[in-house]
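Q: coords below, sequence missing:
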């Protein structure tokens, strides 16, 4: 077990990262944690995380985010619901409507509802809300009013994707979205799972490979998506994602 579960790389050039964020409204920070702690978090996601599913299929009659919770995944009813929602996401996406599907462990919800007190996921959320990480986010984004973050663990397996959207919940305090990547080593570009940024014509302006131990920060709202993970990709697009908030 690592001595610390979450330790920020002390060699980051925060001024250079801040300049890139100011210019592009987004940035990928490579090697943002020490290698030891990044590997420890990846191990937790790979071997100690009970995955459920998160899906959305606008226009399907079940608009809005839908969950199949981890504790429901091994039940007949849960499996049937997952299959139905999966088919609905395919149909909605084929019609150009907003849709997504990915494996999920909703860390904040789990903490609030007391699913597993003292779990490593709970500790990870504490680190994400601790002064070290919040200050890193402030230093890079220039937003000194960032005060907290929510979080979920995600796994994009084969055929998982996140449709184009903008994250417009400014009234709820969302200012910056973050993605901490804990993929398998040497994630190949052909496997998909890119965080993509799109212009008004739907062209891809920029894409971030989900490389291991990288932190993506992006100002919201702005159009972005996660490209579908290829049917031949290995398991491995693990991440912790959420929003940094000013309230």
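A: Yep, that arrived. Note that this is a predicted model, so its numbers are computed, not measured. Residues are numbered from 1 along each chain as shown.

Q: Now the helix or strand bottoming out on mean pLDDT in the chain: buried residues?
A: Ranked by mean pLDDT, DSSP states H and E, the weakest helix or strand in the chain is strand 62-68, scoring a mean of 89. With burial defined by 16 or more other Cβ atoms under 10 Å, the residues of strand 62-68 counted as buried are 62, 66, 68. For the C-beta atoms, the positions are set from N, CA and C on the backbone; glycine is no exception.

Q: So what's the gap between that strand and the chain middle?
A: Distance of strand 62-68 from its chain centroid, counting by Cα atoms, centre = their mean, to the nearest Å, is 17 Å.

Q: which non-adjacent residue is nearest residue 108?
A: Closest residue to residue 108 apart from its sequence neighbours, by Cβ to Cβ, 6 or more residues apart in numbering: residue 150 at 4.7 Å.

Q: re earlier: what are the contacting residues of the least confident helix or strand of the chain?
A: When contacts are defined by Cβ atoms under 8 Å, 6 or more residues apart in numbering, strand 62-68 is touched by residues 52-57, 78, 81-82, 85, 88, 104, 106.

Q: try stretch 132-149
A: Residues contacting stretch 132-149 (Cβ under 8 Å, 6+ apart): 6, 8, 12, 14, 17-18, 21-22, 27, 29, 32, 127-129, 175-176, 178, 217, 219, 242-247.

Q: which residues in the protein form strands?
A: Using DSSP state E, the strands of the chain run over 26-30, 52-57, 62-68, 99-105, 148-149, 152-156, 161-165, 174-181, 195-198, 204-208, 214-219, 224-226, 237-245.

Q: what angle separates the last one from strand 161-165?
A: For strand 237-245 against strand 161-165, the angle by axes from the mean of the first three to the mean of the last three Cα atoms, to 10 degrees is 30 degrees.

Q: Also the first one?
A: Using the same axes, to 10 degrees, the inter-axis angle of strand 26-30 relative to strand 161-165 is 150 degrees.

Q: who touches residue 9 in this structure?
A: 31-34 are the contacts of residue 9 under Cβ under 8 Å, 6+ apart.

Q: re the thing from before, the least confident helix or strand of the chain: partners in the sheet, and parallel or antiparallel?
A: Within its sheet, strand 62-68 is paired with strand 52-57 (antiparallel), according to DSSP bridges.

Q: For the partner strand, which outside residues touch it?
A: For strand 52-57, the surrounding residues in contact (Cβ under 8 Å, 6+ apart) are 63-73, 82, 85-86, 88-89, 91-93, 97-106, 152, 154.

Q: Need phi/psi at residue 143.
A: phi -100, psi 100 (degrees, to the nearest 10).

Q: So it versus residue 134, what's the distance?
A: Note on residue 143: its distance to residue 134, by Cβ to Cβ, to the nearest Å, is 10 Å.

Q: Any regions of this structure where pLDDT drops low?
A: 1-3, 169-171 (pLDDT under 70).

Q: Off-centre distance for the longest helix along it?
A: If you go by DSSP state H, the chain has its longest helix at helix 76-94. Taking Cα atoms, centre = their mean, the mean C-alpha location of helix 76-94 is offset from the chain mean by 21 Å.
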